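Participant: Could you work out the structure for the sequence below:
(one chain, ligands or ions: 1)
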Amino acid sequence: MPKVLVTGGAGYVGSHTAHVLLRKGTEVVVVDDLSRGYRHNVDAARLHVRPLADTDFLVSLMQREQFDAVLHFAAYALVGESTEKPELYFRNNVAGTVSLLDAMSRVGLRRLVFSSTCAVYGEPLVVPISEDLPKAPLSPYGESKAIVETMLSWMDRGRGMRSVSLRYFNACGADPEAGLGEEHDPETHLIPLLLRATMTGQPITIFGDDYPTPDGTCVRDYIHVLDLAEAHIAALDWLMADKPSGFFNVGTGSGYSVREVLAAVEKIVGKPVPFRIGPRRAGDSPVLVANPAKIQETLGWKARYTRIEDIVSMAWEFERKHGKRRTAI
Ligand code: UDP
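Facilitator: Numbers count the residues shown, from 1 in each chain. Below is the predicted model:
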């Protein structure tokens, strides 16, 4: 079993992945500065609360623990915030990764799985999106991830560092049994906001219903966070087998509109979702749906949660069981 360093393991996707790895018997150590993640997502014994910028700390941790690979989740991920504070995103996502890569080079650690995003494509010319489309990010967030992908290709050439970049589509869902789910603060994501609207009675705003889509609302490829966790494990296995670097879309290949997700929430919760139609949100593409053929063929990974009702149902169970702790955070 490999031993892995998980950066950002107290955050949403990182904590789910760390949990699945532990269940499979992999040794996991987490570094997280808790600026966006939560202490309750990680067993205290394996958590180091430190910023990625602390290269010397990373070097001594890597020397002590002798990791086989790094799973790198630590990043800020709000498109809107990134357009207002680009420097925050370049410092945290890009400079943080430079520090990590520097530490890895110093100790000769040469395997990395990187959390990338479909935001690297910007507004794609063709849908479903395959990996050969050009990168054309529309936000500092997407740009920060595109820059890291480019850095990784140079690390491969210069340092022999092998990496897999996973371009997530819309991460969602929860693992209610593990007590893990979406807890962004502030929450900006569609499914938790729809669920909360049914509980509070406060209407959610649908950002635009005049898009060139069948019902006028944006279409997204909603990928369950547990499927994302499995994609990381497939990438880790790939790198442990000394296979070459690569980058892959991680999505289901099916799209749902905002109205379709709203209807699924009404069905699962059994209550209407109060909503109003607002203006479009800056930076939203009408349709973002993955062509997941490359990861299926290369890494042998395929999404298991393809029905939006199943995803919503697990998110709803998490919200009912654990939503209350939000007020305690
Ligand atoms: N959305 C919406 N109202 C909200 C939040 C999101 O209409 O309060 C829409 C958003 O415009 C997008 C989709 O829901 O089309 C998914 O948005 P989310 O922020 O969850 O993920 P993103 O696509 O930004 O990664």
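
Participant: my read: T55 touches M104, true?
Facilitator: No: the pair T55 / M104 is not scored as a contact, 10.0 Å apart, by Cβ atoms under 8 Å. (Each C-beta comes from the backbone N, C-alpha and C, glycine too.)

Participant: what about those two, which has more around it?
Facilitator: Taking neighbours as other Cβ atoms under 10 Å, T55 and M104 compare with M104 leading, 24 against 16.

Participant: Where does the more buried one fall, secondary structure wise?
Facilitator: Per DSSP states H and E: M104 is located in helix 96-107.

Participant: Without its sequence neighbours, what residue ends up closest to E149?
Facilitator: S165 (5.1 Å; Cβ to Cβ, 6 or more residues apart in numbering).

Participant: Secondary structure of that neighbour: a strand, I assume?
Facilitator: Yes: counting by DSSP: H, G, I helix; E, B strand; the rest coil, S165 falls inside a strand.

Participant: Which strand residues bridge it?
Facilitator: For S165, the beta-bridge partners under DSSP bridges are F114, F247.

Participant: contacting residues for it?
Facilitator: Taking Cβ atoms under 8 Å, 6 or more residues apart in numbering, we find S165 in contact with F114, S116, V148, E149, L152, G246, F247, F248.

Participant: how about the fifth one, secondary structure?
Facilitator: When the structure is reduced to helix, strand and coil (three-state DSSP), L152 reads as helix.

Participant: what about it, neighbour count?
Facilitator: 23.

Participant: Show me which residues of the stretch 1-150 of the chain sit near the ligand.
Facilitator: The stretch 1-150 of the chain has residues V79 near the ligand, with proximity defined as Cβ under 6 Å from any ligand atom.

Participant: Over in the stretch 1-150 of the chain, which residue gets nearest the ligand? Let me know.
Facilitator: V79 (5.7 Å; Cβ to the nearest ligand atom).

Participant: you'd agree that residue is up against A119?
Facilitator: Yes: counting by Cβ under 8 Å, V79 does reach A119; the two are 6.6 Å apart.

Participant: Looking at the two, which is more packed in?
Facilitator: Neighbours per residue (other Cβ under 10 Å) separate V79 from A119, with A119 holding more: 25 against 20.

Participant: Excluding sequence neighbours, find me the nearest residue to the more buried one.
Facilitator: A119's closest residue in space is G142 (Cβ to Cβ, 6+ apart), at 3.3 Å.

Participant: Isn't the one you found up against E123?
Facilitator: No: counting by Cβ under 8 Å, G142 sits too far from E123 to count as a contact (10.7 Å).

Participant: So which of those two has more stuff around it?
Facilitator: More crowded of G142 and E123, by other Cβ under 10 Å: G142, with 23 against 13.

Participant: wait, is the more buried one part of a helix?
Facilitator: Yes: counting by three-state DSSP, G142 is part of a helix.

Participant: Pull the contacting residues for it.
Facilitator: Neighbours of G142 in contact, by Cβ under 8 Å, 6+ apart: V79, T117, A119, V120, G122.

Participant: separation between it and L88?
Facilitator: G142 sits 15 Å away from L88, going by Cβ to Cβ, to the nearest Å.

Participant: next one: V120
Facilitator: V120 is 19 Å from L88, by Cβ to Cβ.

Participant: okay, those two: which has more neighbours?
Facilitator: V120 (26 against 15).

Participant: next one: phi and psi at the spatially closest residue to T205 that is not a sequence neighbour?
Facilitator: Distances taken as Cβ to Cβ, 6+ apart place G278 nearest to T205, at 3.9 Å, with adjacent residues excluded. Dihedral pair for G278: phi -120, psi -180, per degrees, to the nearest 10.

Participant: G278: neighbour count?
Facilitator: 13.

Participant: Contacts only, for it.
Facilitator: T205, I206, F207, G208.

Participant: would CSV of the residues you listed with distance to R50 and secondary structure be doable?
Facilitator: Below are those laid out as CSV (distance: Cβ to Cβ, whole Å; DSSP: H, G, I helix; E, B strand; the rest coil):
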residue, distance to R50, secondary structure
T205, 38, strand
I206, 40, strand
F207, 37, strand
G208, 41, coil
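
Participant: quick one: the host helix or strand of H16 to chain centroid distance?
Facilitator: Secondary structure assigned from DSSP H and E places H16 in helix 12-23. Remark: helix 12-23 is offset 12 Å from the chain centroid, using Cα atoms, centre = their mean, to the nearest Å.

Participant: hey, what's the residue nearest to T205 bridged with?
Facilitator: F207.

Participant: start at 48 instead
Facilitator: All set: I'll call the first residue 48, so the last point we hit is now G325.

Participant: what helix or strand does T345 sit in?
Facilitator: Per DSSP H and E: helix 340-346 holds T345.

Participant: what residues does the helix or strand just after that helix touch?
Facilitator: Remark: after helix 340-346, the chain's next helix or strand is helix 355-369, criterion DSSP H and E. The set of residues external to helix 355-369 that reach it, using Cβ under 8 Å, 6+ apart, is 219-223, 226-229, 238-239, 242-243, 246, 269, 271, 303, 307-308, 311-312, 314-316, 352.
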